[in-house]
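Q: Following is a predicted model, sequence given first.
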Amino acid sequence: MQFLAYILSRLVQMVPVLFLVVLIAFLAMELVPGDPIMLMLGGRANETMLAALHAEFGLDRPVVTRFYSFIVNALQGDLGTSIIQRQPVSVIVGERIEKTVFVIVYGAILAVLVALPLAVIAAMKHDRPVDHAIRLGGMVGMSMPPFWLALLLILLFGLGLGWFPIGGYGEGFFGHLWHLFLPGLTIALFLSPILVASLRAAMLDVMGEDYIEVARSKGLSPRRIMFKHVLRNALIPAITVLSINIGWLLSGAVIVEYVFSIPGMGSLLVRSVGSRDYPVIQGLTVVFALFVMVTNLAADLSYMLVDRRVLRK
């Protein structure tokens, strides 16, 4: 019951947060100059066509009325119709969700695969040259802008060595893995230094606990102590870092999808902002906000699986 009550309370907390995010995005688009209908028609626009299209998309109504209609329709699963593509926003976004989620999850998995062994080595070789080298490498990695890092990987592994494709999504699961390796690696190389730092610090804290000293006194090997006791208790900070950086992963996906020509939600957002396609931008805002909140909830639930004491607190 306590577990279900916690989930219910978190779901209730999501409602006002989602409302505020959508409201801010809605008002922000109102402040951007330009008429999306004019952008769509270009030089073919005349007053009759403008008036008809404004009425069709509800752009002739007051902002408050349009926002209320959007909320009511969104609760029914209707995110509106794209001004530019003239298709339901839910269909347009739905076709691209899989690609963006694949890029984010792929990048997060690669980050963990890179960060976990490096953090273990750094903690076991605390204050030795290898520890300092790993920490220095992490500082260099965090200082690189994702856009620049993506271009560097394209030049080195795509155009230079020709090992990986530099764009597209590929066909089939293994085709996706192949085509999205460089985009996933871009995300991983930026995220893994943060994971290494948090895991290393958490493992060093755990290694100073009394029960670790007891394990040492029993003659357990450092390797067994690390993997049986230290690593498990250091996982919560790593989960926290991943959940905190979900927003960055989404923004990073926007950059990565644009650079690598991946037809996901990020590249769709860039095009929609440029053409002021209000319904698509608002629909993406809802999806992005829900993704972040649901992922944070999943991270909190994973804390409980790793350490039951979190729920009791």
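A: Yep, that arrived. Numbers count the residues shown, from 1 in each chain.
Q: make it CA atoms for all contacts and neighbour counts henceforth
A: Noted.
Q: mind checking pLDDT for Leu191?
A: For Leu191, the model assigns a pLDDT of 81.
Q: for the host helix or strand of it, which positions count as buried?
A: Leu191 is located in helix 181-207, with elements delineated by DSSP states H and E. Across helix 181-207, burial judged by 16 or more other C-alpha atoms under 10 Å covers 181-204, 206-207.
Q: ok, now stretch 267-284?
A: For stretch 267-284, the neighbour count (16+ other C-alpha under 10 Å) marks 267-270, 272, 275-284 as buried.
Q: Could you do stretch 100-114 as well?
A: Buried residues in stretch 100-114 (16+ other C-alpha under 10 Å): 100-104, 106-112, 114.
Q: Need the three-state assignment for Trp163.
A: coil (DSSP: H, G, I helix; E, B strand; the rest coil).
Q: could we number from 134 for the rest of this?
A: Yes, from this point I'll number from 134; that puts the last item at Trp296.
Q: Grab the nearest non-local neighbour of it.
A: Distance criterion C-alpha to C-alpha, 6 or more residues apart in numbering; nearest residue to Trp296, sequence neighbours excluded, is Phe290 at 5.5 Å.
Q: Could you tell me the model confidence score at the one you found?
A: 83.
Q: Just give the nearest non-adjacent residue to Leu430, would you?
A: Nearest one to Leu430, counting by C-alpha to C-alpha, 6+ apart, is Arg143 at 7.3 Å.
Q: Could you report the pLDDT at Trp343?
A: Actually, residue 343 is Asp. It isn't Trp. At Asp343 the predicted local distance difference test score is 69.
Q: thinking again about what came up before, when you check the buried residues of stretch 400-417 against the helices, which ones overlap?
A: 400-403, 405, 408, 411-417 (DSSP state H).
Q: Lowest-confidence entry in these?
A: Confidence-wise, Ser408 trails the rest of those, at 74.
Q: Make CSV out of the ones in helices among the buried residues of stretch 400-417 and add distance to Leu208.
A: Below are those laid out as CSV (distance: C-alpha to C-alpha, whole Å):
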residue, distance to Leu208
Ser400, 26
Leu401, 23
Leu402, 22
Val403, 25
Ser405, 22
Ser408, 26
Tyr411, 18
Pro412, 15
Val413, 16
Ile414, 17
Gln415, 13
Gly416, 12
Leu417, 15
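Q: Doesn't Leu212 belong to a strand?
A: No - assessed with three-state DSSP, Leu212 is coil; it does not lie in a strand.
Q: ok, it to Trp381 distance?
A: 25 Å (C-alpha to C-alpha, to the nearest Å).
Q: higher neighbour count, the two?
A: Leu212 (24 against 15; other C-alpha atoms under 10 Å).
Q: Let me know whether the more buried one touches Ser223 as I believe.
A: Yes - here Leu212 reaches Ser223: they are 5.9 Å apart, a contact under C-alpha atoms under 8 Å.
Q: So for these two, which residues contact both of them?
A: Residues touching both Leu212 and Ser223 by C-alpha atoms under 8 Å, 6 or more residues apart in numbering: Gly416.
Q: Quick check, pLDDT for Ile254.
A: For Ile254, the pLDDT comes out at 82.
Q: what's the neighbour count on it?
A: 15.
Q: Now name the helix or strand holding it.
A: Counting by DSSP H and E, Ile254 is found in helix 222-257.
Q: outside of the helix or strand just after that helix, which residues touch it?
A: Next in sequence after helix 222-257, counting helices and strands by DSSP H and E, comes helix 262-276. Here helix 262-276 makes contact (C-alpha under 8 Å, 6+ apart) with 251, 254-256, 258, 322-327, 329-330.
Q: correct me, but Leu249 touches Val329?
A: Yes - contact criterion C-alpha under 8 Å: Leu249 and Val329 qualify, at 6.8 Å.
Q: Contact partners for Val226?
A: Listed by C-alpha under 8 Å, 6+ apart, the contact set of Val226 reads 398, 413, 416-417.
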